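generate a structure from the sequence data that follows.
(chains A and B)
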Amino acid sequence: QQKVQQSPESLIVPEGGMASLNCTSSDRNVDYFWWYRQHSGKSPKMLMSIFSNGEKEEGRFTVHLNKASLHTSLHIRDSQPSDSALYLCAASRNSNNRIFFGDGTQLVVKP
Amino acid sequence: DPKIIQKPKYLVAVTGSEKILICEQYLGHNAMYWYRQSAKKPLEFMFSYSYQKLMDNQTASSRFQPQSSKKNHLDLQITALKPDDSATYFCASSQEPNTEVFFGKGTRLTVV
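Numbers count the residues shown, from 1 in each chain, chains lettered A, B, ... in the order given. Below is the predicted model of the structure:
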(Lines give C-alpha, C1' and ligand atoms only; values in the text may rest on other atoms or scores of the structure.)
Protein backbone atom coordinates (compact mmCIF):
# COMPACT_ATOMS: atom_id res chain seq x y z
CA GLN A 1 0.00 0.00 0.00
CA GLN A 2 1.44 3.32 -1.04
CA LYS A 3 1.50 5.80 1.84
CA VAL A 4 2.92 9.27 2.21
CA GLN A 5 3.49 10.81 5.65
CA GLN A 6 3.95 14.53 6.11
CA SER A 7 5.13 16.56 9.05
CA PRO A 8 4.43 18.80 10.76
CA GLU A 9 0.64 18.87 10.47
CA SER A 10 0.68 22.61 10.83
CA LEU A 11 3.34 25.28 10.87
CA ILE A 12 3.35 28.96 11.71
CA VAL A 13 6.27 31.10 10.54
CA PRO A 14 6.77 34.85 10.62
CA GLU A 15 6.84 36.82 7.38
CA GLY A 16 10.35 36.67 5.99
CA GLY A 17 11.13 33.45 7.86
CA MET A 18 12.03 29.98 6.64
CA ALA A 19 9.41 27.22 6.44
CA SER A 20 10.58 23.59 6.35
CA LEU A 21 8.17 20.80 5.48
CA ASN A 22 8.87 17.07 5.51
CA CYS A 23 7.56 14.07 3.66
CA THR A 24 8.38 10.36 3.76
CA SER A 25 7.07 7.51 1.67
CA SER A 26 6.54 4.07 3.19
CA ASP A 27 6.61 2.54 -0.28
CA ARG A 28 10.14 1.39 -1.11
CA ASN A 29 9.26 1.29 -4.82
CA VAL A 30 8.36 4.95 -5.17
CA ASP A 31 10.08 6.69 -8.09
CA TYR A 32 8.67 10.23 -8.17
CA PHE A 33 7.92 12.94 -5.64
CA TRP A 34 5.92 16.10 -6.12
CA TRP A 35 5.00 19.06 -3.94
CA TYR A 36 1.63 20.70 -4.47
CA ARG A 37 0.14 23.79 -2.89
CA GLN A 38 -3.56 24.25 -2.21
CA HIS A 39 -4.93 27.62 -1.15
CA SER A 40 -8.16 27.57 0.83
CA GLY A 41 -11.16 26.81 -1.38
CA LYS A 42 -8.98 26.19 -4.43
CA SER A 43 -7.63 23.14 -6.22
CA PRO A 44 -4.08 21.84 -5.72
CA LYS A 45 -1.37 23.18 -8.06
CA MET A 46 2.06 21.66 -8.54
CA LEU A 47 4.92 23.61 -7.04
CA MET A 48 7.91 21.42 -7.71
CA SER A 49 8.85 17.88 -8.61
CA ILE A 50 11.98 15.89 -7.81
CA PHE A 51 12.91 12.48 -9.11
CA SER A 52 16.60 12.02 -8.30
CA ASN A 53 18.77 12.45 -5.22
CA GLY A 54 19.86 15.93 -4.37
CA GLU A 55 18.45 19.39 -4.34
CA LYS A 56 16.45 21.54 -6.70
CA GLU A 57 15.84 25.27 -6.32
CA GLU A 58 13.23 27.50 -7.95
CA GLY A 59 13.14 31.03 -6.62
CA ARG A 60 12.35 30.96 -2.91
CA PHE A 61 11.53 27.24 -2.98
CA THR A 62 14.04 24.41 -2.52
CA VAL A 63 13.31 20.71 -2.47
CA HIS A 64 15.61 17.95 -1.28
CA LEU A 65 15.33 14.24 -1.94
CA ASN A 66 17.06 11.32 -0.30
CA LYS A 67 15.93 8.24 -2.20
CA ALA A 68 17.62 5.84 0.22
CA SER A 69 15.44 7.07 3.07
CA LEU A 70 12.50 7.96 0.77
CA HIS A 71 12.45 11.38 2.34
CA THR A 72 11.81 14.69 0.66
CA SER A 73 11.63 18.15 2.15
CA LEU A 74 10.43 21.51 0.94
CA HIS A 75 11.97 24.73 2.20
CA ILE A 76 10.48 28.14 1.62
CA ARG A 77 12.75 31.09 2.37
CA ASP A 78 11.57 34.65 2.87
CA SER A 79 8.05 33.32 3.48
CA GLN A 80 5.19 35.60 2.47
CA PRO A 81 1.59 35.74 3.74
CA SER A 82 0.54 34.61 0.26
CA ASP A 83 2.45 31.35 0.91
CA SER A 84 -0.17 30.46 3.56
CA ALA A 85 -1.78 27.30 2.21
CA LEU A 86 -1.98 23.51 2.52
CA TYR A 87 1.20 21.91 1.16
CA LEU A 88 0.72 18.41 -0.19
CA CYS A 89 3.46 15.91 -0.88
CA ALA A 90 2.72 13.27 -3.53
CA ALA A 91 4.52 10.15 -4.66
CA SER A 92 4.11 7.54 -7.35
CA ARG A 93 5.76 4.49 -8.87
CA ASN A 94 6.85 4.18 -12.45
CA SER A 95 4.91 0.94 -12.65
CA ASN A 96 1.43 2.29 -12.03
CA ASN A 97 -0.83 5.27 -12.51
CA ARG A 98 -1.50 6.08 -8.88
CA ILE A 99 -0.25 9.36 -7.47
CA PHE A 100 -0.81 9.27 -3.72
CA PHE A 101 -0.96 12.39 -1.61
CA GLY A 102 -0.08 12.90 2.04
CA ASP A 103 -2.38 14.58 4.55
CA GLY A 104 -0.61 17.88 4.04
CA THR A 105 1.06 20.55 6.14
CA GLN A 106 -1.04 23.64 6.83
CA LEU A 107 1.34 26.61 6.62
CA VAL A 108 0.44 30.00 8.08
CA VAL A 109 2.76 32.92 7.46
CA LYS A 110 2.07 35.71 9.93
CA PRO A 111 2.72 39.32 8.86
CA ASP B 1 -9.65 30.29 -18.75
CA PRO B 2 -10.13 26.88 -17.13
CA LYS B 3 -8.70 23.98 -19.10
CA ILE B 4 -10.32 21.30 -16.96
CA ILE B 5 -14.04 21.89 -16.69
CA GLN B 6 -16.03 20.25 -13.94
CA LYS B 7 -19.79 20.48 -13.68
CA PRO B 8 -21.63 21.25 -11.57
CA LYS B 9 -19.60 23.35 -9.15
CA TYR B 10 -21.97 22.59 -6.27
CA LEU B 11 -24.38 19.69 -5.90
CA VAL B 12 -26.84 18.77 -3.16
CA ALA B 13 -28.29 15.27 -3.32
CA VAL B 14 -30.69 13.22 -1.29
CA THR B 15 -29.50 10.00 0.38
CA GLY B 16 -30.12 7.05 -1.91
CA SER B 17 -30.16 9.07 -5.13
CA GLU B 18 -27.76 8.90 -8.07
CA LYS B 19 -25.66 11.72 -9.53
CA ILE B 20 -23.17 12.16 -12.36
CA LEU B 21 -20.21 14.48 -12.04
CA ILE B 22 -18.95 15.82 -15.36
CA CYS B 23 -15.33 16.42 -16.35
CA GLU B 24 -13.78 17.57 -19.63
CA GLN B 25 -10.17 18.57 -20.18
CA TYR B 26 -8.82 20.69 -23.02
CA LEU B 27 -5.13 20.21 -22.31
CA GLY B 28 -4.68 17.38 -24.80
CA HIS B 29 -3.72 15.05 -21.97
CA ASN B 30 -3.80 11.29 -22.23
CA ALA B 31 -4.31 10.42 -18.56
CA MET B 32 -7.25 11.45 -16.40
CA TYR B 33 -8.02 10.92 -12.73
CA TRP B 34 -10.63 11.35 -10.04
CA TYR B 35 -9.68 12.38 -6.50
CA ARG B 36 -11.87 13.07 -3.49
CA GLN B 37 -11.17 15.46 -0.62
CA SER B 38 -13.09 15.83 2.62
CA ALA B 39 -12.42 17.06 6.12
CA LYS B 40 -12.19 13.43 7.33
CA LYS B 41 -9.91 12.19 4.58
CA PRO B 42 -7.35 14.24 2.73
CA LEU B 43 -6.86 14.14 -1.03
CA GLU B 44 -7.73 10.54 -1.85
CA PHE B 45 -6.95 8.83 -5.16
CA MET B 46 -10.00 7.14 -6.69
CA PHE B 47 -9.41 6.21 -10.35
CA SER B 48 -6.94 6.66 -13.15
CA TYR B 49 -7.52 6.36 -16.89
CA SER B 50 -4.96 6.32 -19.64
CA TYR B 51 -5.99 6.55 -23.30
CA GLN B 52 -9.59 5.97 -22.19
CA LYS B 53 -8.78 2.73 -20.42
CA LEU B 54 -9.22 2.21 -16.70
CA MET B 55 -5.73 1.74 -15.27
CA ASP B 56 -6.32 1.81 -11.55
CA ASN B 57 -9.26 1.74 -9.18
CA GLN B 58 -8.67 2.46 -5.50
CA THR B 59 -12.34 2.87 -4.64
CA ALA B 60 -13.68 -0.07 -2.67
CA SER B 61 -17.30 0.61 -3.49
CA SER B 62 -18.86 -0.27 -6.85
CA ARG B 63 -21.25 2.65 -6.28
CA PHE B 64 -18.57 4.80 -7.91
CA GLN B 65 -18.29 4.24 -11.66
CA PRO B 66 -16.13 6.34 -13.98
CA GLN B 67 -17.36 6.75 -17.56
CA SER B 68 -15.18 7.84 -20.47
CA SER B 69 -17.12 8.53 -23.66
CA LYS B 70 -14.28 10.51 -25.29
CA LYS B 71 -10.55 10.78 -24.74
CA ASN B 72 -10.87 14.16 -23.01
CA HIS B 73 -13.95 13.25 -21.01
CA LEU B 74 -14.18 11.37 -17.71
CA ASP B 75 -17.43 11.49 -15.79
CA LEU B 76 -18.08 9.95 -12.38
CA GLN B 77 -21.39 8.25 -11.67
CA ILE B 78 -22.26 7.76 -8.01
CA THR B 79 -25.25 5.62 -7.08
CA ALA B 80 -27.08 5.03 -3.79
CA LEU B 81 -25.56 8.20 -2.33
CA LYS B 82 -24.74 8.30 1.38
CA PRO B 83 -24.01 11.30 3.62
CA ASP B 84 -20.46 9.95 3.95
CA ASP B 85 -19.98 10.59 0.22
CA SER B 86 -20.09 14.33 0.92
CA ALA B 87 -16.79 15.74 -0.29
CA THR B 88 -15.17 17.80 -3.01
CA TYR B 89 -14.51 15.64 -6.05
CA PHE B 90 -11.58 16.74 -8.18
CA CYS B 91 -11.05 15.68 -11.74
CA ALA B 92 -7.44 15.86 -12.87
CA SER B 93 -5.31 15.09 -15.89
CA SER B 94 -1.70 14.70 -16.96
CA GLN B 95 0.09 14.43 -20.28
CA GLU B 96 1.11 10.88 -19.47
CA PRO B 97 1.05 8.82 -16.25
CA ASN B 98 3.63 10.04 -13.74
CA THR B 99 3.87 13.54 -15.14
CA GLU B 100 2.53 16.75 -13.59
CA VAL B 101 -1.12 16.45 -12.64
CA PHE B 102 -3.44 19.39 -13.24
CA PHE B 103 -6.63 19.65 -11.23
CA GLY B 104 -10.05 21.01 -12.09
CA LYS B 105 -11.81 23.36 -9.67
CA GLY B 106 -13.82 20.51 -8.16
CA THR B 107 -17.46 19.62 -7.58
CA ARG B 108 -18.57 20.05 -3.99
CA LEU B 109 -21.10 17.33 -3.26
CA THR B 110 -23.32 17.42 -0.19
CA VAL B 111 -25.55 14.43 0.54
CA VAL B 112 -28.44 15.13 2.92
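
quickly list what the residue most central in space within chain B is bridged to.
Closest to where the C-alpha atoms of chain B average out (CA atoms, centre = their mean) is B:W34, at 3.4 Å. B:W34 forms beta bridges with B:F47, B:C91, as assigned by DSSP bridges.

so what pLDDT did it get?
At B:W34, the pLDDT value in this model is 96.

give me the neighbour count for residue 100.
Unless you meant another one, I'm taking chain A. A:F100 has 20 neighbours, counted by other CB atoms under 10 Å in any protein chain shown. Placement of C-beta: from N, CA and C, glycine included.

let me rephrase: I mean chain B.
If you count neighbours by other CB under 10 Å, B:E100 ends up with 15.

what's the helix or strand for the closest residue to it other than its chain neighbours?
Distances taken as CB to CB, 6 or more residues apart in numbering or on different chains place A:M46 nearest to B:E100, at 5.0 Å, with adjacent residues excluded. For A:M46, the host element (DSSP states H and E) is strand A:45-50.

other SSEs contacting that strand?
Under the contact criterion of 3 or more CB pairs under 8 Å, 6 or more residues apart in numbering or on different chains; DSSP states H and E, strand A:45-50 touches strand A:32-38, strand A:54-58, strand A:61-66, strand A:71-76.

if we go to 10 Å?
strand A:32-38, strand A:54-58, strand A:61-66, strand A:71-76, strand A:85-92, strand B:102-103 (3 or more CB pairs under 10 Å, 6 or more residues apart in numbering or on different chains; DSSP states H and E).

residue ranges in chain B under the pLDDT threshold?
In the predicted model of chain B, residues B:1 satisfy pLDDT under 70.

if anything else comes up later, I'll come back, but that's it for now.
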